[in-house]
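Novice: predicted model follows, preceded by the sequence.
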Amino acid sequence: MQFIRISLLATVFTLLSLSSACASGSDSGRTDTEATGADNDLSEVSRILAPNESFILDDYVAAGWKKSKQYDIGTVPQAIDIWYGFFSAKDIEIRFYESHEIAKTAGLENAATAIDLNPLQKKVVSGGSAVTKYKAFVVVGNTVLLCEQSIDSCIALTDVLGN
């Protein structure tokens with residue numbers, strides 16, 4: 001079962017990379033590339049946005065995200081900073097990476113394993129082992145946002161991020 005899951009994640013990762021590469025050739029700085037591929041669960045709960053942009057913690061705070069706690073990066077390979085906070089009464093964890101390329105590869109893979117597609121399964125997340133309520137994620141430039149319950153809260157945050 002684990003081998004099948006890894007294979008599906010690899011397929012999704014490859015397709016996302018190709019989609020993002022095609023989208024980055026457009027004139028627009030923002031794209032809304034939906035994850036596609038064999039793993040239909042991920043296609044409904046993930047997006048890649050703003051491949052040509054880079055963000056810092058202050059950008060998210062200025063957009064209205066309320067920071068609450070900084071996490072140790074030791075549990076998330078290649079992350080350079082991790083923060084937990086809130087936006088529109090929803091939990092959103094933000095993982096920062098050196099570049100969009102790292103966020104859409106290592107960050108996407110980490111997020112795909114961190115989100116909880118099975119509500120009874122325990123996951124190891126940045127803050128420790130618990131039943132996570134993160135059900136979706138968004139790769140936004142050099143960051144990965146883990147979203148509570150649905151992708152909607154993360155999309156709402158990214159909509160005000162550049163304004």
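Specialist: That came in fine, so what should we check first?
Novice: helix or strand with the lowest mean pLDDT in this protein?
Specialist: strand 33-34 (a mean of 38; mean pLDDT, DSSP states H and E).
Novice: all helices of this protein, in order?
Specialist: 2-23, 40-43, 57-62, 100-102, 108-114, 152-161 (DSSP state H).
Novice: buried residues, the fourth one. List them.
Specialist: Same thing as helix 100-102. 100, 102 (16 or more other C-beta atoms under 10 Å). The C-beta positions use only the backbone N, C-alpha and C, and glycine is treated the same way.
Novice: give me the contacts around it.
Specialist: For helix 100-102, contacts defined as C-beta atoms under 8 Å, 6 or more residues apart in numbering pick out 50-54, 78, 139, 141-142.
Novice: low pLDDT regions in the chain?
Specialist: Across the chain, the ranges flagged by pLDDT under 70 are 1-41, 43, 116-132, 163.
Novice: need the contacts of helix 100-102 in JSON lines with neighbour count, can you?
Specialist: Listed next are the contacts of helix 100-102 as JSON lines, based on neighbours: other C-beta atoms under 10 Å:
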{"residue": "50", "neighbour count": "22"}
{"residue": "51", "neighbour count": "22"}
{"residue": "52", "neighbour count": "13"}
{"residue": "53", "neighbour count": "16"}
{"residue": "54", "neighbour count": "16"}
{"residue": "78", "neighbour count": "16"}
{"residue": "139", "neighbour count": "27"}
{"residue": "141", "neighbour count": "25"}
{"residue": "142", "neighbour count": "23"}
